[in-house]
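Enquirer: Quick one: sequence plus predicted model below, questions after.
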Amino acid sequence: ASTETHDPRILELIENLQDAEVPPFFIDNGILKAAPKKKVSHMKRRQKLYGPGKKQLSLLQNLNRCPACGNYKRSHTLCMHCVGQIRRHWNDSVPQQEAFREEFVNPLDEKILYPGKKELPDERTLRKKEWLKRRPRTLPVE
């Protein structure tokens, strides 16, 4: 690197740092960073979170009764009891689709085309779920 492009003050600082026996200020200045000396106990943590004052967690004051079922819910939100009933109704009303069948009739064909492929336990559980749509596997192109 040429010395003409650098500021002469930077070059002087570099020379001073190389010649100095004491390390530069920002490396080892004796100032410690803030760190807790001991673990905060369970009681102190709970006092801080749930004790009296404005900073602490406050109880929910915006609870109303659902007009449909009468269960308690937060105001301006859906009632989770009613949502569960609607979800169950939708699941019952959806027609059941036949299970997806792999395009290979013989499992030996699949072993020949995909050597070393073993079915993992989570893949096995996903295969048992009929409602999950799957795309058929493509054949290898040569």
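Expert: Cool, the structure landed.
Enquirer: do you know how far the residue nearest the centre of the chain is from residue 115?
Expert: Residue closest to the mean C-alpha point of the chain, counted by Cα atoms, centre = their mean, is residue 122 at 19.5 Å. Residue 122 sits 21 Å away from residue 115, going by Cβ to Cβ, to the nearest Å. Yep, even glycine has a C-beta here, placed from its N, CA and C like the rest.
Enquirer: following the helix or strand bottoming out on mean pLDDT in the chain, which helix or strand comes up?
Expert: Every helix and strand of the chain was ranked by mean pLDDT, DSSP states H and E. The lowest is helix 107-113, at a mean of 73. Per DSSP states H and E, the first helix or strand lying C-terminal to helix 107-113 is helix 121-128.
Enquirer: Quick one: mean pLDDT for that next one?
Expert: Across helix 121-128, the average pLDDT comes to 80.
Enquirer: Show me how far it is from its chain's centre.
Expert: Mean-position distance between helix 121-128 and its chain equals 23 Å (Cα atoms, centre = their mean, to the nearest Å).
Enquirer: Extract the C-alpha set from that helix and format it as CSV.
Expert: What follows is helix 121-128, C-alpha atoms only, in CSV (Å, rounded to 0.1, in the frame of the first residue of the first chain):
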residue,chain,number,x,y,z
PRO,A,121,-40.9,-42.3,11.8
ASP,A,122,-42.3,-38.8,11.1
GLU,A,123,-42.7,-39.6,7.4
ARG,A,124,-44.6,-42.7,8.4
THR,A,125,-47.0,-40.7,10.6
LEU,A,126,-47.5,-38.1,7.7
ARG,A,127,-48.2,-41.0,5.3
LYS,A,128,-51.0,-42.2,7.6
